[in-house]
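> Pasted the sequence and its predicted model underneath.
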Amino acid sequence: METRTEYVEKLSAQMVEMDNRIYLLKDKAESATPETSGDYTGLIRSLQIKRDQVAAKLQGISVAGDHEWEEMRSGTELVWGEVSRMLHDTITKIR
C-alpha cells in the first residue's frame, strides 16, 4: 500500500499532465470555428472546475491526520475518475 506522500506525489504528477492536456485543448478551442469554439470553451471550463475539486481534495489529504487521509482518498479517487472521463470525452469532442 502506498504512503500518503507517495499518493500525493503520484496524483500531483497526474494533475500536471492533465493541466498540460487542458492547455492543449484551449489552444484547439481558440483555433476552432466560432460555432464550435463556444461549445469547446464550455467543456473546458467544466473540466477545469472538476480538476480544481481534485486539487482541493488533494490539499485536504496533504494536511489530514494519518487516519483521515485514507478515508479522504476514496472520495478523491471518485472525483479523479470523473475528471479523467471528462478529459477523455472533451478530447474526443475537440479533435
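Yep, it's here. Numbering: from 1, shown residues only.
> alpha carbons only for contacts and neighbour counts from here, please
Fine.
> Quick check: residue 50 vs residue 6, distance?
22 Å (C-alpha to C-alpha, to the nearest Å).
> meant to ask about residue 54, not that
Applying C-alpha to C-alpha to residue 54 and residue 6 gives a distance of 16 Å.
> in the chain, which spans are helices?
4-30, 34-63, 68-94 (DSSP state H).
> Now render those helices as TSV, adding mean neighbour count.
Formatted as TSV, those follow (neighbours: other C-alpha atoms under 10 Å):
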stretch	mean neighbour count
helix 4-30	15
helix 34-63	16
helix 68-94	16
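> got TSV for those, with mean pLDDT too?
Listed next are the helices of the chain as TSV, based on pLDDT from 0 to 100:
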stretch	mean pLDDT
helix 4-30	94
helix 34-63	92
helix 68-94	92
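> from memory residue 62 sits against residue 7, does it?
No. If you go by C-alpha atoms under 8 Å, residue 62 and residue 7 don't touch, sitting 9.7 Å apart.
> Contacts only, for residue 67.
Counting by C-alpha atoms under 8 Å, 6 or more residues apart in numbering, residue 67 makes contact with nothing.
> all numbers from here: first residue = 12
From this message on, residue numbering opens at 12, which makes the last subject residue 78.
> All good on my end, thank you.
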